[in-house]
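Undergrad: okay, predicted coordinates and the sequence, questions at the end:
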Amino acid sequence: MNWSKVLSWGVAAIFAVFFLTCSGQVWMFQVPWMLVAGWSAFIGRVLPEVTFRWDAIAETVLVAGMLGVGTHLFLRRLWRQLRPETAEASPWQVRWSVSLVALLVLLFSATMATVGIGHQVGWLASGRVPMVESSWRRMGFMLSRDNTAVCGEALRLSKQGVPDAEVAGRLLRSSEDREEAEQMHVVPRRGPGDEPGFLVFPRDPLARASSGGVRCGGGLAREESFRTAELPKLLSDTQMAAGTAP
C-alpha cells in the first residue's frame, strides 16, 4: 500500500470538506445523509403524535385473515381440478397462499406509496415555498437584514401616503419585496405627533426566537432591533396607542 498516496488523498478530502463547509455548500453532505437516514428524524417527530384505532386494526386483521383463508380454499380446489390426483401430484400448499396474499398486500402498499409520491411532487411543484433554501438565510444576521429592509420599505410606503392597513398588502404585491414580506409580520405603530412607524419580525417562531425583530419610524432616528422577549410589551404599547388615537 502506498501510504503517501493515501495521505495525499486524505489531506485533499479534509481540505475539500473544509472549503465546502466554509463556503456554505453543506447541502453536498446533507443530501446523502438525508437520503440514507433522513427518515429517522421524521419517525422521531411523527411517531409520538400517532394514534392507533384498535377497532380499525382488528377489522383489518379479520379481513386479511378471511381473505387468506378464502384464497387458500379456492386455490386448493382449483388446483385439484387442474391437476388430478396422481401419485406425483402434490397438494396446494398453505405457504403458497400466504405468499400470494402477501404479494397482493405489497402491490397495494406500493400503489398507495406511488400515489403519495405523486401527490407530494405535485404539491412541491405547485407551492410557492422554494424547494431549496440557502442555509445562510437561517442565520440571525441575515434575518435581521431582511427585517430592516422590510421595515424601511414599509416606512417609505407610509410616508408616501399609503394607509397603514394597506402597507403589508402592498409589500406582498411587490415583486421585489414579496419574498421577504411573506416571511415577516409587519405591524404599524404610531409615534409622537402621529409619526408613522412599524414593527417587523419573522412569522416563524424559531426564526423569531433567534433573530428578534426590528422597529423603525415612530419617533426613532434609525432602525432599532429588539429581542423576542420584548415583543409582547411592544405590541401592547402599539395597541394602547391605537386605542387612544383620536
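TA: Now that the structure is in, tell me what you want to look at.
Undergrad: may I see the buried residues of the helix or strand hosting Arg170?
TA: Using DSSP states H and E, Arg170 sits within helix 164-173. Applying a neighbour-count criterion of 16 or more other CB atoms under 10 Å, one finds Asp164, Val167, Ala168, Arg170, Leu171 buried in helix 164-173. Just so you know, the C-beta spots here come from the backbone N, C-alpha and C atoms, and that holds for glycine as well.
Undergrad: residue ranges in this protein under the pLDDT threshold?
TA: Residue ranges of the chain with pLDDT under 70: 1, 23-25, 84-89, 128-146, 239-246.
Undergrad: all helices for this structure, in order.
TA: Remark: helices assigned in the chain by DSSP state H are 3-22, 27-46, 54-82, 94-126, 140-159, 164-173, 178-181, 205-211, 231-244.
Undergrad: which of those helices sits most buried?
TA: Most buried of those, by mean neighbour count (mean count of other CB atoms under 10 Å): helix 140-159, with a mean of 19.
Undergrad: packing partners of the helix holding Arg170?
TA: The contact analysis (3 or more CB pairs under 8 Å, 6 or more residues apart in numbering; DSSP states H and E) places helix 164-173 against helix 140-159, helix 178-181, strand 184-190.
Undergrad: any chance of the ones you listed in a markdown table, with distance to Val26 too?
TA: Below are these laid out as a markdown table (distance: least, CB to CB, whole Å):
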| stretch | distance to Val26 |
| --- | --- |
| helix 140-159 | 15 |
| helix 178-181 | 22 |
| strand 184-190 | 25 |
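Undergrad: so which of these is nearest Phe108?
TA: Nearest of the helices and strands packed on helix 164-173 to Phe108, taken as CB to CB: helix 178-181 at 42.0 Å.
Undergrad: which residues make contact with the closest one from outside it?
TA: Asp146, Ala149, Val150, Ala168, Leu171, Leu172, Ser174 (CB atoms under 8 Å, 6 or more residues apart in numbering).
Undergrad: how much space separates the closest residue to the second one other than its chain neighbours from Val167?
TA: Same thing as Ala149. Using CB to CB, 6 or more residues apart in numbering and skipping residues adjacent in sequence, the residue nearest Ala149 is Glu180, 6.2 Å away. Look at Glu180 and Val167: by CB to CB, to the nearest Å, they are 14 Å apart.
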